[in-house]
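Trainee: Quick one, structure for this:
(chains A, B, C and D)
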2 protein chains.
Amino acid sequence: MARTKSSQGAGVTSERILDVAEVLAQTRGFNGFSYADIAAEIGITKASLHYHFPTKASLGAALVGRYRENFQAALAKIAALNEPGIEKLRLYAGVYGQVLGADRMCLCGMFAAEFSTLPEPIQGELRQFFDENETWLVRVLEEGRRDGSLRFEGSAADTAGLLTGALEGSMLLARSYRDNARFIAPVGKLIQVLAVGNEASR
Amino acid sequence: MARTKSSQGAGVTSERILDVAEVLAQTRGFNGFSYADIAAEIGITKASLHYHFPTKASLGAALVGRYRENFQAALAKIAALNEPGIEKLRLYAGVYGQVLGADRMCLCGMFAAEFSTLPEPIQGELRQFFDENETWLVRVLEEGRRDGSLRFEGSAADTAGLLTGALEGSMLLARSYRDNARFIAPVGKLIQVLAVGNEASR
DNA sequence: GTCTATAACGAGATAGAC
DNA sequence: GTCTATCTCGTTATAGAC
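Mentor: Numbers count the residues shown, from 1 in each chain, chains lettered A, B, ... in the order given. You can find the predicted model right below:
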């Protein structure tokens, strides 16, 4: 019988490691957790971790790579919906909101803070994550402008940057207060400002 | 002769330490620099650093305390100007822009990412920094609404949160690209949206 | 794949001389 | 205030048995 992804054995442990490391990285940052933390949580030794991820740099790169792919998949689902641009924007914010709802920071926003201390492969994965966010947002923003649900001035890229920046920044601050309303209210207000039919009521 | 703040001796070295530690903290984060880094840069030993700041927690708290006070002073100067609210908002963004222009992240935005790993005294200083930002912004926003230079919907507090979040977040992302335009353009766009006389052109 | 054992280094911190 | 010397602990990483 052929070995599959869902079989026992090779591959499962490394996913488990990534799951645990992801939570640690999203709550404490790349420089805020160690192999010992992961080992204690999973119940294997540090040496075993090095079998799956030889270096912490390789673990970090795998972490961001998987996060980025999962994120892209979520965005692709939203893009495929038969909804106006404004609604897709709300769902996009909802993806970030779910991360915060799980008491985590966006992995890539977290790593962006530590950017200058990260191994180069991780830095590359990070930029790719943000590039993919921008590409997706530009498409949705222009779509929304065409379908009449969104209104904004200037380049879609600048508005995309504002959205991502506001989402990441609001998440960052909300975590310092353990108060998710500090994310939901400002982000909701920003999206409302971009919605058509809001001329006199900003 | 009485010993003053500007005299040689006690007090000067600790300021020097804070200066060097501040740059390190703003570029690498609290968990990304060590006493050894500071010592090497200043040219004294680690032991001497411990004379001025017994623990790294005390150094971190002093760092945020001083940063917060300097920031407050800058905001007070802007508040005292005889300018409309919209202009004060632009100057506020300019304060953040100067930090980024010096190739640094906002100290408090950086520490906010590492929040859960920080000693409690530092966490308190951080919240105070953001509280002071919000208080100042709410005042300016309401002033701008009265003087007719600003227009926004709902509570000033939510708009203040959006501004701080967007500033911190855009800074974070701009640093990953070494591209300050990724801060200036989105932030400029957000402020423009809040300006009166912009109804049909968002 | 997982273990024990250990290497090699850097971290924050202290004692005590000068 | 600054130094040398040292301590203790945590870090990433490797060697080699099972």
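Trainee: Please report the distance of A:I86 from A:E132.
Mentor: Going from A:I86 to A:E132 by Cβ to Cβ, to the nearest Å gives 21 Å. All C-beta atoms are positioned from the backbone trio N, CA, C, and that covers glycine.
Trainee: Between the two, which has more neighbouring residues?
Mentor: A:I86 (23 against 15; other Cβ atoms under 10 Å in any protein chain shown).
Trainee: any idea whether the more buried one is helix, strand or coil?
Mentor: Using DSSP: H, G, I helix; E, B strand; the rest coil, the structure places A:I86 in helix.
Trainee: Now do the contacts for it.
Mentor: Contact analysis of A:I86 by Cβ atoms under 8 Å, 6 or more residues apart in numbering or on different chains lists A:G144, A:S149, A:L150, A:I191, A:L194, A:A195, A:V196.
Trainee: Check the offset of stretch A:164-181 from the chain's centre.
Mentor: Distance of stretch A:164-181 from the chain centroid (Cα atoms, centre = their mean, to the nearest Å) equals 13 Å.
Trainee: Tell me the buried residues in that stretch?
Mentor: For stretch A:164-181, the buried set under the neighbour-count rule, 16 or more other Cβ atoms under 10 Å in any protein chain shown, comprises A:164-177, A:180.
Trainee: Just want the most central residue of chain A.
Mentor: A:C106 (4.6 Å; Cα atoms, centre = their mean).
Trainee: longest helix in chain A, by residue count?
Mentor: Counting residues, the longest helix in chain A under DSSP state H turns out to be helix A:120-147.
Trainee: what separates the residue of chain A found nearest DNA strand D from A:K56, distance-wise?
Mentor: Residue nearest to DNA strand D within chain A (Cβ to the nearest atom of the strand): A:S34, separated by 3.0 Å. To A:K56, A:S34 is 8 Å away according to Cβ to Cβ.
Trainee: Tell me how far A:G60 lies from A:M110.
Mentor: Counting by Cβ to Cβ - A:G60 and A:M110 are separated by 11 Å.
Trainee: Give the residues shared as contacts by these two.
Mentor: In contact with both A:G60 and A:M110: A:A25, A:F30, using Cβ under 8 Å, 6+ apart.
Trainee: Domain-wise, how is chain A divided?
Mentor: A:1-54, A:63-198 (automatic domain parsing).
Trainee: Just give me how far the last one sits from the chain centre.
Mentor: The gap between the average C-alpha position of domain A:63-198 and the chain average comes to 8 Å, counting by Cα atoms, centre = their mean.
Trainee: first vs last residue of that domain, how far apart are they?
Mentor: 40 Å (Cα to Cα, to the nearest Å).
Trainee: can you tell if it touches DNA strand C?
Mentor: No: Domain A:63-198 stays clear of DNA strand C (Cβ under 7 Å from any atom of the strand), getting no nearer than 11.0 Å.
Trainee: Wondering if that domain reaches DNA strand D at all.
Mentor: No: using Cβ under 7 Å from any atom of the strand, domain A:63-198 never reaches DNA strand D; the gap is at least 8.7 Å.
Trainee: Point me to the residue of chain A nearest chain B.
Mentor: Nearest residue of chain A to chain B (Cβ to the nearest Cβ) works out as A:G169 at 2.4 Å.
Trainee: residues contacting the residue lying closest to that residue once chain neighbours are set aside?
Mentor: Among residues not flanking A:G169 along the chain, B:G169 sits closest, at 2.4 Å (Cβ to Cβ, 6 or more residues apart in numbering or on different chains). Residues near B:G169 by Cβ under 8 Å, 6+ apart: A:G109, A:T164, A:G165, A:A166, A:L167, A:E168, A:G169, A:S170, A:M171, A:L172.
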